[in-house]
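Student: Starting from these lines, generate the structure:
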Amino acid sequence: MGGAGRGIAAFGLWQRRRHSGVLLRPERGVLIATALLLVTGMFAVFAHAPLRQAPGWTVASGGFEYATTGRTGGLADHVQVLADADTPSLAPAEPAAVRGDFTTAQPLPVPASAPGPVWHSHSARATGRGWLVSGWYPVPATGDGTHVTVPALGEGLTSHRLVVQADTPTGVVDLPLSPDAALGARHWQELAVALPRPVRAVRVVAEQHGAWLAVGQPRLTKVRPVTAATDGRIVFADQLSAMLWPDIDHAEVARGMTTPPEVRVSAAEHIDPGVLSNSTFTDWGGNFATSTHTATFVRMTSALPGGPEAPPWGTVDRLLHAHRPGLLDVEHRHQERAGWTRLPTLAGESYIGREYTG
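Tutor: Numbers count the residues shown, from 1 in each chain. The predicted structure is shown next:
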């Protein structure tokens with residue numbers, strides 16, 4: 001900037017000496033040089049992300065798409081998930097073999113993530129040890145499935161051994177599953193591995209080491225647009241990314257009632273979880289705290305393809321409710337009151353029952 005400013009100032013002085021009028025005084029030249037530099041820098045900063053992440057989606061590229069075409073679906077046009085393949089999963093050739101805690105007859109205390117059998121070791125007399133070997137599930141040779149997905153749930157999932165075994169012409173291949181240790185015991189994880197080709201059948205093997213776990217049957221899945229999970233469903237998006245999902249049916253708060261969501265989409269990129277969870281944090285109001293704390297989540301495998309490696313874009317979860325939302329009776333009442341008596345207020349700790357956290 002210093003060189004450009006000095007150059008413009010020198011040009012202004014030269015113009016004045018030639019009596020060509022005061023078109024560009026030194027102080028005006030410095031101002032113009034600074035403004036041009038700031039504007040150029042702003043365009044460079046805003047162009048850096050979309051150019052570096054191309055052809056991946058960015059907020060800037062989404063804005064450019066809207067400016068040039070008049071519409072954009074935001075992240076809904078670009079995020080992909082693993083969902084059921086068109087080819088149906090076939091029944092296993094033999095029943096599953098279970099030992100240890102997996103032989104329990106007690107029901108699983110949370111709903112299953114998908115249709116089909118679920119094996120679990122949640123027992124009042126748990127020993128911390130159990131083994132599961134499912135039957136072999138045939139894989140059609142001409143099917144469209146590209147991955148095999150196994151739902152898993154439990155405490156300390158990373159301490160257990162979870163493996164998909166694929167029966168290939170060269171022998172049985174172990175495909176380890178990698179659960180996320182940060183998710184709790186009410187959060188199903190759809191763990192997926194790429195399906196080797198050719199393959200005749202797959203099965204799931206689980207070894208329990210410590211706390212209980214639950215495993216669902218393996219399913220054939222393939223990459224689909226995220227709209228396969230969001231279309232026709234009530235979706236909750238956190239406050240940081242809600243504007244990036246303009247076409248989804250957002251969960252509403254109307255007449256003092258929340259609409260329990262069926263799908264939740266959240267930002268990530270290493271954002272502090274406390275920032276993303278204010279809608280479920282009761283000390284801050286937490287409009288969706290009740291429906292969230294009573295629901296069971298199913299974390300889907302998702303990705304925002306294109307571009308170089310970047311921080312995780314976000315997450316997609318399905319929500320399972322023990323009872324169908326909407327089964328309630330609503331009655332509206334009103335009363336007129338005269339006088340100066342102040343009624344309870346949400347701003348008072350005596351009303352909300354919690355100390356202000358600042």
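
Student: Next up, the contacts around Met300.
Tutor: Residues in contact with Met300 (CB atoms under 8 Å, 6 or more residues apart in numbering) are 81-83, 190, 229, 316-318. (C-beta placed from N, C-alpha, C; glycine too.)

Student: Would you mind giving me the confidence score for Leu213?
Tutor: pLDDT for Leu213: 93.

Student: Equivalent analysis for Gly128, please.
Tutor: 89.

Student: and what of Trp284?
Tutor: pLDDT, Trp284: 67.

Student: ok so, going back, nearest to Gly130, of the contacts of Met300?
Tutor: The nearest member of the contacts of Met300 to Gly130, counting by CB to CB, is Glu190 at 21.4 Å.

Student: Could I get the full set of strands for the stretch 51-200 of the chain?
Tutor: Applying DSSP state E, counting those that start in this stretch to the stretch 51-200 of the chain gives strands spanning 80-84, 97-100, 118-120, 129-133, 137-138, 147-154, 161-168, 171-176, 187-194.

Student: which outside residues touch the fourth one?
Tutor: Here strand 129-133 makes contact (CB under 8 Å, 6+ apart) with 96-103, 119, 121, 203-209, 215.

Student: on that earlier part again, quickly compare the strands of the stretch 51-200 of the chain and say which is most buried.
Tutor: Mean neighbours per residue, mean count of other CB atoms under 10 Å, is largest over the strands of the stretch 51-200 of the chain for strand 147-154, with a mean of 25.

Student: low-confidence ranges in the stretch 151-300 of the chain?
Tutor: Within the stretch 151-300 of the chain, the segments meeting pLDDT under 70 span 283-285.

Student: How far off centre is the longest helix anywhere in the chain?
Tutor: If you go by DSSP state H, the chain has its longest helix at helix 26-53. Put simply, helix 26-53 sits 35 Å off its chain's centre (CA atoms, centre = their mean, to the nearest Å).

Student: now the helices for this protein?
Tutor: Using DSSP H, the helices of the chain run over 2-17, 26-53, 59-69, 227-230, 273-276, 289-293, 349-352.

Student: now for the fourth one, which elements pack on it?
Tutor: The reference is to helix 227-230. Secondary-structure packing of helix 227-230 (3 or more CB pairs under 8 Å, 6 or more residues apart in numbering; DSSP states H and E): strand 80-84, strand 263-267.

Student: want to throw the ones you listed into JSON lines with distance to Gly135?
Tutor: Listed next are those as JSON lines, based on distance: least, CB to CB, whole Å:
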{"stretch": "strand 80-84", "distance to Gly135": "19"}
{"stretch": "strand 263-267", "distance to Gly135": "31"}
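
Student: closest to His332 out of those strands?
Tutor: Taking CB to CB, strand 263-267 is the member of the helices and strands packed on helix 227-230 nearest to His332, at 29.3 Å.

Student: List the neighbouring strands of that closest one plus their orientation.
Tutor: strand 234-237 (parallel), strand 314-320 (antiparallel) (DSSP bridges).

Student: Distance from the chain centre to the shortest one, please.
Tutor: To tie it back to what came earlier, the one meant is strand 234-237. Offset of strand 234-237 from its chain centre (CA atoms, centre = their mean): 11 Å.

Student: Show me the contact partners of that strand.
Tutor: Around strand 234-237, the neighbours that count as contacts under CB under 8 Å, 6+ apart are 244-245, 248-251, 259-266, 279, 288.
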